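K.L.:
fold the stuff below for me.
(one chain, ligands or ions: 1)
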Amino acid sequence: MTDWTDPDTFAQALEHVETKEKGNCFEDFEEGDVIEHDPGLTLTQFGNEQWMGQTLNHDPAYWRTDAAEARGFEEPPVHPDYLTAATLGITVEDLSEKGGYFLGRTDVRFPGTPVYTGTELHVESEVVNRATSSSRPEYGIVSWRTRGKDAETGEVLCSYERTNMIPRREPVATDGSGAAAAEEEDEPDLPDEFVAPEGGYFEDFVAALEEADDENAAVAYRHERGRTQDDVTVASLPLATLNTAKQHHNVDVMSDSPSGDIVTYGDVTRSTALGHARSDEQTWREVGFDDESFHTFVAVGDTVYAFTRVLEAEDDASSDEAGTVTFEHIAFNQDDEPVYSGTRTAEIRKRSN
Ligand SMILES: CC(C)(COP(=O)(O)OP(=O)(O)OC[C@H]1O[C@@H](n2cnc3c(N)ncnc32)[C@H](O)[C@@H]1OP(=O)(O)O)[C@@H](O)C(=O)NCCC(=O)NCCSC(=O)C[C@H](O)C(=O)O
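P.N.:
This next block holds a predicted model:
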């Protein structure tokens with residue numbers, strides 16, 4: 001009788017059997033397709049605190065009832081970064097489990113916030129664009145509009161458009177024009193001076209922008225904190241959001257991929273950098289995020305730091321207690337290489353209140 005567990009026999013069996021595949025390839029997506037994602041999760045206090053604790057998002061309003069009430073919340077709400085990461089995590093089985101990389105995202109908005117723990121999340125995505133990669137024949141580039149909804153009321157809580165590199169079943173011939181374009185380098189065009197705000201209140205950002213306006217200067221500064229990536233941030237946090245992308249937990253498969261190893265979930269990288277930035281400001285509310293890009297991989301052992309540029313400040317927030325500030329945040333690693341960049345609009349508390 002055949003012993004199926006004999007190593008040689010088993011190796012042959014593995015070669016002959018069909019693999020029950022997970023996820024979709026580039027060819028499976030058509031523009032206009034709408035996908036209702038089967039996984040869903042309840043946004044729990046544990047999940048929220050685990051995410052915020054590990055990414056150094058320690059704003060007391062998301063942890064303490066008195067601090068939450070002082071900021072106009074009923075109780076500590078679900079953090080927008082956890083809501084965003086959970087909305088994306090739920091989509092991975094259908095959209096990106098095959099192993100493509102998260103390249104970028106824009107128009108991240110929270111129409112239904114504040115969201116409180118206990119809310120069940122139901123997510124849907126629509127394919128909005130599908131393109132050939134001119135530099136990487138084994139991949140295509142797909143964009144989706146994703147909406148995370150309250151499963152009970154149908155209210156949209158989080159919405160964004162995201163782009164991933166998605167493996168093709170069959171590579172295509174390309175002209176390599178993308179690779180050639182990447183070789184062209186711009187001359188650095190930095191201002192003569194860099195101004196840092198004195199504090200983290202709205203007035204501090206306004207004053208710094210006014211000072212910079214008088215000279216050839218920018219309001220830009222770095223944050224001291226760094227967070228070295230470990231097994232928790234690379235594998236545990238994405239899995240806690242139902243993110244099944246093999247990029248984060250299958251070293252075996254990823255050893256034969258562009259990164260050569262498992263990598264940090266993009267939402268962990270950006271939330272960590274944003275956590276560093278928020279620790280140096282008096283946030284009132286998060287409004288939205290645009291033009292997010294992931295430039296290179298972050299892996300176990302890499303350290304995520306943050307750099308902030310203040311772009312504008314307007315006295316037009318939803319509350320008299322705050323003003324609106326637009327930032328560009330750049331996450332970078334221990335070799336000073338940018339790994340993420342994006343703009344963020346947030347309401348920042350006024351000192352006078
Ligand atoms: C992935 C990379 C190694 C690719 O590098 P490279 O080959 O140098 O190419 P480009 O970075 O220039 O990009 C490849 C093509 O994609 C297009 N692109 C890039 N960004 C965008 C965007 N935001 N929107 C649309 N298109 C975009 C470029 O124009 C190129 O096109 P073409 O020239 O025609 O080929 C490198 O990008 C890299 O290392 N990036 C970091 C990726 C990363 O670490 N992401 C986060 C971790 S993965 C993750 O979180 C997965 C997540 O769980 C999920 O499931 O989504």
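K.L.:
skip the chain neighbours and tell me the closest residue to the residue most central in space within the chain.
P.N.:
In the chain, the centroid-proximal residue (CA atoms, centre = their mean) is residue 267; its distance is 2.8 Å. Nearest non-adjacent residue to residue 267, counting by CB to CB, 6 or more residues apart in numbering: residue 85, 3.8 Å away. (Glycine included, C-beta is placed from N, CA and C.)
K.L.:
repeat for residue 266
P.N.:
Residue 266's closest residue in space is residue 102 (CB to CB, 6+ apart), at 4.1 Å.
K.L.:
helices and strands around the helix or strand encompassing residue 130, which ones?
P.N.:
Applying DSSP states H and E as the criterion places residue 130 in strand 120-132. Packing partners of strand 120-132 (3 or more CB pairs under 8 Å, 6 or more residues apart in numbering; DSSP states H and E): strand 34-36, strand 41-42, helix 80-95, strand 139-150, strand 156-167.
K.L.:
quick one: contacts of the second one?
P.N.:
In this case it means strand 41-42. Identification of contacts with strand 41-42 by CB atoms under 8 Å, 6 or more residues apart in numbering yields 47, 86, 89, 90, 118, 119, 120, 121, 241, 242.
K.L.:
what's downstream of that strand, the next helix or strand?
P.N.:
helix 45-54.
K.L.:
sort out which residues of that next one are buried, please.
P.N.:
47, 48, 49, 50, 51, 52, 54 (16 or more other CB atoms under 10 Å).
K.L.:
the residue nearest to residue 266 and the ligand, how far apart?
P.N.:
Relative to the ligand, residue 102 is positioned 4 Å away (CB to the nearest ligand atom, to the nearest Å).
K.L.:
same question for residue 251.
P.N.:
15 Å.
K.L.:
now that residue: closest residue in space that isn't a chain neighbour?
P.N.:
residue 262 (5.4 Å).
K.L.:
what pLDDT does the one you found get?
P.N.:
pLDDT recorded at residue 262 is 96.
K.L.:
for it, what are its contacts?
P.N.:
234, 235, 247, 248, 249, 250, 251, 254, 299, 300.
K.L.:
list buried residues within these.
P.N.:
Restricting the contacts of residue 262 to buried positions leaves 234, 235, 247, 248, 249, 254, 300, with burial counted as 16+ other CB under 10 Å.
K.L.:
so which of these are in helices?
P.N.:
With DSSP state H as the criterion, helices contain 247, 248, 249, 254 from among these.
K.L.:
wait, which of those is closest to residue 110?
P.N.:
residue 248 (24.5 Å; CB to CB).
K.L.:
quick check: the closest one touching residue 267?
P.N.:
No: using CB atoms under 8 Å, residue 248 is not in contact with residue 267; the gap is 10.6 Å.
K.L.:
which neighbours do the two have in common?
P.N.:
With CB under 8 Å, 6+ apart, residue 248 and residue 267 have common neighbours residue 238.
K.L.:
and the pLDDT at the residue lying closest to residue 65 once chain neighbours are set aside?
P.N.:
Nearest residue to residue 65 in three dimensions, chain neighbours excluded: residue 75, at 5.7 Å (CB to CB, 6+ apart). Note for residue 75: predicted pLDDT of 98.
K.L.:
how far away is residue 75 from the ligand?
P.N.:
30 Å.
K.L.:
can you check residue 196 too?
P.N.:
29 Å.
K.L.:
near the ligand, which residues of the stretch 201-350 of the chain?
P.N.:
Residues of the stretch 201-350 of the chain found near the ligand (CB under 6 Å from any ligand atom) are 238, 243, 245, 247, 258, 263, 265-266, 293-297.
K.L.:
among those residues, which lie within strands?
P.N.:
Residues from these lying in strands, with DSSP state E as the criterion: 293, 294.
K.L.:
would you mind listing which of the residues of the stretch 201-350 of the chain next to the ligand are buried?
P.N.:
Looking at those with 16+ other CB under 10 Å, the buried ones turn out to be 238, 243, 245, 247, 263, 265, 266, 293, 294, 297.
K.L.:
could these go into TSV alongside distance to residue 327?
P.N.:
Below are those laid out as TSV (distance: CB to CB, whole Å):
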residue	distance to residue 327
238	25
243	26
245	28
247	27
263	25
265	22
266	18
293	15
294	18
297	24
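K.L.:
which one among these gets closest to residue 313?
P.N.:
For these, the nearest to residue 313 is residue 293 (23.7 Å; CB to CB).
K.L.:
ok, the closest one touching residue 340?
P.N.:
Yes: with contacts counted by CB under 8 Å, residue 293 reaches residue 340, the gap being 7.0 Å.
K.L.:
could you say which helix or strand holds residue 191?
P.N.:
Using DSSP H and E, residue 191 falls outside every helix and strand.
K.L.:
that one is in contact with residue 213, isn't it?
P.N.:
No: assessed by CB under 8 Å, residue 191 is found out of contact with residue 213, at 11.2 Å.
K.L.:
which one's more surrounded, these two?
P.N.:
Each of residue 191 and residue 213 has its neighbours counted (other CB atoms under 10 Å); residue 191 has more, 13 against 10.
K.L.:
residues touching that one, list them.
P.N.:
Residue 191 makes contact with 212, 216, 217, 218, according to CB under 8 Å, 6+ apart.
K.L.:
spatially nearest residue to residue 68, not counting backbone neighbours?
P.N.:
residue 76 is the one closest to residue 68 (CB to CB, 6+ apart), at 4.6 Å.
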